[in-house]
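*Asks:* Pasting the sequence and the predicted coordinates here, then a few questions.
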Amino acid sequence: MRKTLLALFCLLPVTSYAQDSDERILSMSEFQRLSEGKTMYFSQDGFFFGAEQFYTRRRSLWQNSARECLDGEWYPSADYICFNYGLESDPSCWHFFEKNGNYYARAEGSTSSDFDIFMYNLDTKPLDCKGPDVGA
């Protein structure tokens, strides 16, 4: 009976976010070293998804695909990196993956790579975000 249970257990599918052996989730400190003082540019399905400029003390500036900008902050939660921009839908938490020197993110709760966002550029240029309209 014990051997039968062991054999059945071995047949169960293994669920893991990191599906390839060379794919790994970045730790909070790895993400901080990668992002601080940099701007990350993301695409999804070949289209611009957004860009995020990272400052010290886990502060950031997000620019969405409509080129609207939001000040925010990020923090670790378990093995996720979570972002708060002061919106009702916050926080937004992501696993950040590295595979063969490439980086991408998958939203918390997503079990499919279909909606992953891919970092296609990393530089030190500030985002082109305008301040609020100034009246006369």
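*Replies:* Perfect, I can see it now.
*Asks:* Secondary structure element holding Phe118?
*Replies:* According to DSSP states H and E, Phe118 maps onto strand 117-123.
*Asks:* Show the average pLDDT along that strand.
*Replies:* For strand 117-123, mean pLDDT is 97.
*Asks:* any idea how far the residue nearest to Gly50 when sequence neighbours are not counted lies from Tyr55?
*Replies:* Nearest residue to Gly50, sequence neighbours excluded (Cβ to Cβ, 6 or more residues apart in numbering): Asn64, at 4.8 Å. Every C-beta, even on glycine, is put in place using the N, C-alpha and C of the backbone. To Tyr55, Asn64 is 18 Å away according to Cβ to Cβ, to the nearest Å.
*Asks:* The residue most central in space within the chain is in what secondary structure piece?
*Replies:* Nearest residue to the geometric centre of the chain (Cα atoms, centre = their mean): Ala105, 3.8 Å. Assessed by DSSP H and E, Ala105 sits inside strand 102-107.
*Asks:* and that strand, which residues are buried?
*Replies:* For strand 102-107, burial by neighbour count (16 or more other Cβ atoms under 10 Å) applies to 103-106.
*Asks:* Identify the residues contacting it?
*Replies:* By Cβ atoms under 8 Å, 6 or more residues apart in numbering, the residues outside strand 102-107 that reach it are 17, 26, 34, 40, 42, 81, 92-97, 113, 115-119, 122.
*Asks:* Can you flag the buried ones in the residues you listed?
*Replies:* Using 16+ other Cβ under 10 Å as the burial test, the contacts of strand 102-107 include 26, 34, 40, 42, 81, 92-97, 116-119 as buried.
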